[in-house]
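> Predicted coordinates and the sequence they were generated for:
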Amino acid sequence: MPVTKLQAEIQRALRDMGVQDDVSVVLERPRNPEHGDWATNVAMTLARPLRKAPRQIAEELVQRIDPASAGIRGAEVAGPGFINFRLDTAYLREGLARIVREGDAYGRSQAGQGQPVMVEFVSANPTGPLHVGHGRQAALGDAVSELLAWAGWKVQREFYYNDAGEQINKLTRSVWARYQQALGSDVPFPGDGYNGAYIGEIAAELVAEHGERFKGDDSAEALDAIRVYAVKRLREEQNRDLDGFRVRFDHYFLESSLYTGGRVEDTIRRLRESGYVYEKDGAVWLKTTEFGDDKDRVMVKGTGHPTYFLPDVAYHVVKWERGFHRAINVQGSDHHGTTARVRAGLQALGLPAGYPEWVLHQMVLVMRGGVEVKFSKRAGDYVTMRDLYDEVGVDVARYFFLMRRAEAQLTFDMELALDQSDKNPVYKVQYAHARLSSIFRRAEVDPATLDAESADLGLISHESETELVKLLLRFPEEIESAAEAHTPHSICAYLEEVAGAVNSWYHAGNRDAALRVIGAEVAPEQSRARLVLSRAVQVVLRNGLAVLGIGAPERMDRAEEPASGEA
């Protein structure tokens, strides 16, 4: 990667100047491209320790940098001590060939060194169909997982099923009432029950499978059997919907196992032994304020039942013991209040501060024609994830869920999602890939067999081409950065930038025959070099979309335009 190579050479030059290795060299892209490809203010940060003027340090540093080792063709001192760098065209040519050579592996790294990391996401109560908020979380969690995998981490995707607690009791009572009603019994439906049509569907299936076995029976045994049936049925439905959304998990963890396996009781015992527990008003409290929480929290109620954050603490202890010393939870913003108390409980047990990490996302507002879409006929009071992606398609749904920062509220515009023009960002990116595939079909060249090493890539010299190459070479950096920051939306923004640059390059050939990729006006060697560039763009777009779980079509319904440069 250009930035890594350049940073290493700057560090070497600084050591020659007597500067210690621990100095951080930050490279940024100048706002004005005319100022170069990269810039650093490292000379200004060293002014005080070196007791020299920043510009003097910058000038000496530029003299000591070896351009060939840095992959640059020049460095200039600007202003009070900024250094601007311009990438070497030879390095650009080498990078272009590397993209084609590495293909599906381009963008992958070993930054994570194969260390294990768990990403837990969705983790919905099995009390109903998944809603659009779960859809956003599914797309986020899956993309964060894939980014980490591309960055060299050994990733486990995990779904934590909340199959215990009051919500499950409410589900059981709701299905029991609909079951009785289906058998002709005039029983009232619980006021706080789940009213969606899916409850009646489960009850009807229960009748078909068990007949009148539970008629009039509200014993603990009957309710437990209905609970098991309903939870199993809804878990299967959630799994089908997630599978249809291209989201799969490596492991499912049941909350109920924390109780049956004694982990909750063991956590209570260990917390009592930690010295951070006291009793007040008949309840057991944890001194979470010792670890930065705004107030202490009840750990065990006066009834003897644990509060909801206690099983979360127990679950994360299990994660740690399973070897996942890095864990990331992708959850809704309603979990914001739990982060401090869960971390406090874990620190009381000796786990490090900052464990686990959280990605908290805001709600999703579905709009059609400027009006909010509020409910699904089947779910009753919300839009289901399945309803949404069945209408707009999985690719579009995933991209729209990912294209905004997680902490920003997402307005899902149904009209834009169904638009098949460049106004639709995912369509714009996918069409850029399909457009390049069209070039190869017209050239009658199989892009997979293209030999970049034998092409004269020095012929890639027009500004629109070299700027595109620079953009493609950023891809590995974009992956590592997004993986570390858990920001799939930055990959969306990058892909849209690439698609925009592809369009500019493509249309330049429509204005000037000499810039075309194929056609009678283009010399064979020039055409071959530009086909290599076309292939490199395909690789980056395809790999970037793959990270997001989105397809890279080779053909799209929109009428194909003539390939750039083809008469």
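On my side now, so go ahead.

> Need the nearest residue in space to residue 35, chain neighbours excluded.
In space, and not counting its chain neighbours, residue 35 is closest to residue 84: 5.0 Å by CB to CB, 6 or more residues apart in numbering. For glycine as for every other residue, the C-beta is placed from the backbone atoms N, C-alpha and C.

> neighbours around the one you found, how many?
As a burial measure, residue 84 scores 21 neighbours (other CB atoms under 10 Å).

> pretty sure it belongs to a helix, no?
No - using DSSP: H, G, I helix; E, B strand; the rest coil, the assignment for residue 84 is strand, not a helix.

> my guess is it meets residue 36, correct?
Yes - assessed by CB atoms under 8 Å, residue 84 is found in contact with residue 36 at 3.7 Å.

> Can you pull the residues that touch both of the two?
30, 76 (CB atoms under 8 Å, 6 or more residues apart in numbering).

> Quick check: the closest residue to residue 494 other than its chain neighbours vs residue 107, distance?
Spatially, and ignoring its direct neighbours in sequence, residue 494 is nearest to residue 478 (4.8 Å; CB to CB, 6+ apart). Computed as CB to CB, to the nearest Å, the residue 478 to residue 107 distance reads 8 Å.

> Then residue 157?
Distance, residue 157 to residue 107, by CB to CB: 20 Å.

> same check, this time on residue 491
With CB to CB as the criterion, residue 491 and residue 107 are 10 Å apart.

> These two: which has the busier surroundings?
residue 491 (26 against 22).

> Off-centre distance for the helix or strand encompassing residue 178?
Assigned by DSSP states H and E, residue 178 falls within helix 166-182. Distance of helix 166-182 from its chain centroid, counting by CA atoms, centre = their mean, to the nearest Å, is 36 Å.

> before we move on, the earlier item: what number of residues are in the vicinity of the residue nearest to residue 494?
23.

> for the stretch 151-300 of the chain, what spans make up the strands?
154-161, 251-254, 277-280, 283-286, 297-300 (DSSP state E, counting those that start in this stretch).

> Does the first one pack against any helices or strands, and if so which?
The reference is to strand 154-161. strand 116-121, helix 132-150, strand 251-254 (3 or more CB pairs under 8 Å, 6 or more residues apart in numbering; DSSP states H and E).

> Hey, what's the angle from the longest one to strand 116-121? Just curious.
Think helix 132-150. Calculated by axes from the mean of the first three to the mean of the last three CA atoms, to 10 degrees, helix 132-150 forms an angle of 170 degrees with strand 116-121.

> Could I get the CA-only coordinates of the worst-scoring helix or strand of the chain on mean pLDDT as CSV?
Within the chain, confidence by mean pLDDT, DSSP states H and E is lowest for helix 2-16 among all helices and strands, at a mean of 86. The C-alpha trace of helix 2-16 is given here as CSV (Å, rounded to 0.1, in the frame of the first residue of the first chain):
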residue,chain,number,x,y,z
PRO,A,2,1.4,3.5,-0.9
VAL,A,3,0.7,4.9,2.5
THR,A,4,2.5,2.1,4.4
LYS,A,5,5.5,2.3,2.1
LEU,A,6,5.7,6.1,2.4
GLN,A,7,5.3,6.0,6.2
ALA,A,8,8.1,3.4,6.5
GLU,A,9,10.5,5.6,4.5
ILE,A,10,9.6,8.7,6.5
GLN,A,11,10.3,6.8,9.7
ARG,A,12,13.6,5.6,8.3
ALA,A,13,14.6,9.2,7.4
LEU,A,14,13.6,10.4,10.8
ARG,A,15,15.8,7.8,12.5
ASP,A,16,18.7,9.1,10.4
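
> helices and strands around that helix, which ones?
If you count contacts as 3+ CB pairs under 8 Å, 6+ apart, helix 2-16 packs onto strand 27-28, strand 38-40, helix 54-64, helix 67-70, helix 89-102.

> ok, and what's touching that helix?
21, 23, 25, 27, 37-38, 40, 42, 46, 61, 64-66, 69-72, 85, 87, 91, 95, 473, 477.
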